[in-house]
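Trainee: 3D model of this:
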Amino acid sequence: MLDAKLLKLPVNSHQHHHEHHQIVVGVRGAAELSVDGVGSFLDTWKACLVPTEARHDYCGDHENHVLVINLDPLSPVLDSPAHADYERMAGIFEKPRTIQMDNRLQGLVQFAAGEFDRSPDNEPLHRHLAASILYSMADRIVDGQATRASRHSISPDAIRRYIVDNLHRKITVQDLAREACLSTSRFHEVFREVSGITPHQFLIQTRLDQAVRLLSSTSLSVSEISYRTGFSSQSALTNALRKYKGTTPSRLQIGDRVA
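Mentor: Reported below is the predicted structural model:
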């Protein structure tokens, strides 16, 4: 049995277990899981592997959505041609673990979640996508890539939260590295490996995303929004929007008024 579903975790859940392996992958928001008494924080760059019979519970925030993949340890049968492939996948469930996804695996999960949303009743499609995610995770765990990444526990979502919390002040890559408890050079290397972009590009992207949100949803002046999102001046924000987003503050504000 291989099945998968996209769901929202409840704010609170009772402890339980089941007779199949399970992967819980963050798609949106954040959640906390406890597997055999060991806690884990789950965001959109992490996946939690829960072996059969492991007792676990979880709780999510009000925005969280997760992709849950279930794998029955009793199938396929031993003489099935698929058994060798199954054995390779089942091996990743030898113990509970949380893995850090790289940008390619995270992109695959987000693509799959979008297809689940687009076609909620297409179970064959869901199974094929779930199998692709399982194979990709198994390859990374066998090769040690997931273990190396998780050793540093760099989560772009956690870095984004730090940036948003300190948005009004100057933030350097050194600040982000200290938040991740890594040297600046090592942080740059690992962050780019995980996210696909440099920390500086991510910092600008996060600032601009917040500026776009404020411009299109509030009546604050461009000067005030520039200050709140950490740009040195109104012209600095305007230049960054034009360069990276192909728009200007006035267009975003007019678009909001028209809507």
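Trainee: Need the single longest helix in this protein, by residues.
Mentor: For the chain, the helix with the greatest residue count under DSSP state H is helix 123-143.
Trainee: Check what contacts it and list those residues.
Mentor: 2-5, 23, 25, 47, 49, 67, 69, 71, 88-89, 91-92, 99, 102, 104-105, 108-109, 111-112, 115-116, 119, 146-147 (C-beta atoms under 8 Å, 6 or more residues apart in numbering). Bear in mind the C-beta positions are built from the backbone N, C-alpha and C, glycine included.
Trainee: Among the residues you listed, the buried ones, what's the ChimeraX command?
Mentor: This is how ChimeraX selects the buried members of those, with burial counted by 16 or more other C-beta atoms under 10 Å:
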select :2,4,23,25,47,49,67,69,71,89,92,99,102,105,108,109,112,115,116,146
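Trainee: what does the helix or strand where residue 25 lies rub up against?
Mentor: In this assignment (DSSP states H and E), residue 25 forms part of strand 21-28. Residues from elsewhere that reach strand 21-28 (C-beta under 8 Å, 6+ apart): 6, 31, 33, 42-52, 58, 63-73, 90, 93, 101, 109-110, 113, 133-134, 137.
Trainee: The same query, at a cut-off of 7 Å, please.
Mentor: With C-beta atoms under 7 Å, 6 or more residues apart in numbering as the contact definition, strand 21-28 has outside contacts at 6, 33, 42-52, 63-71, 73, 90, 93, 109-110, 113.
Trainee: Ok, stretch 42-53 next?
Mentor: By C-beta under 7 Å, 6+ apart, stretch 42-53 touches 17, 19-28, 30-33, 35, 40, 56, 73, 92-93, 95-101, 106, 137, 155-158, 194.
Trainee: For it, buried residues please.
Mentor: Neighbour-count burial for stretch 42-53 [16+ other C-beta under 10 Å]: 42, 43, 44, 45, 46, 47, 48, 49, 50, 51, 52.
Trainee: any chance of those residues in CSV, plus distance to residue 212, pLDDT and secondary structure?
Mentor: Shown next, in CSV, are the buried residues of stretch 42-53 (distance: C-beta to C-beta, whole Å; pLDDT from 0 to 100; DSSP: H, G, I helix; E, B strand; the rest coil):
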residue, distance to residue 212, pLDDT, secondary structure
42, 27, 82, strand
43, 22, 84, coil
44, 20, 85, coil
45, 22, 85, coil
46, 27, 86, strand
47, 30, 88, strand
48, 32, 88, strand
49, 36, 88, strand
50, 38, 87, strand
51, 43, 86, coil
52, 45, 83, coil
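Trainee: is it possible to export those residues to JSON lines including distance to residue 234?
Mentor: Listed next are the buried residues of stretch 42-53 as JSON lines, based on distance: C-beta to C-beta, whole Å:
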{"residue": "42", "distance to residue 234": "39"}
{"residue": "43", "distance to residue 234": "33"}
{"residue": "44", "distance to residue 234": "32"}
{"residue": "45", "distance to residue 234": "34"}
{"residue": "46", "distance to residue 234": "38"}
{"residue": "47", "distance to residue 234": "42"}
{"residue": "48", "distance to residue 234": "44"}
{"residue": "49", "distance to residue 234": "48"}
{"residue": "50", "distance to residue 234": "50"}
{"residue": "51", "distance to residue 234": "55"}
{"residue": "52", "distance to residue 234": "58"}
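Trainee: hang on, the earlier thing: tell me the first helix or strand C-terminal of the strand holding residue 25.
Mentor: The C-terminal neighbour of strand 21-28 among helices and strands, as given by DSSP H and E, is strand 31-35.
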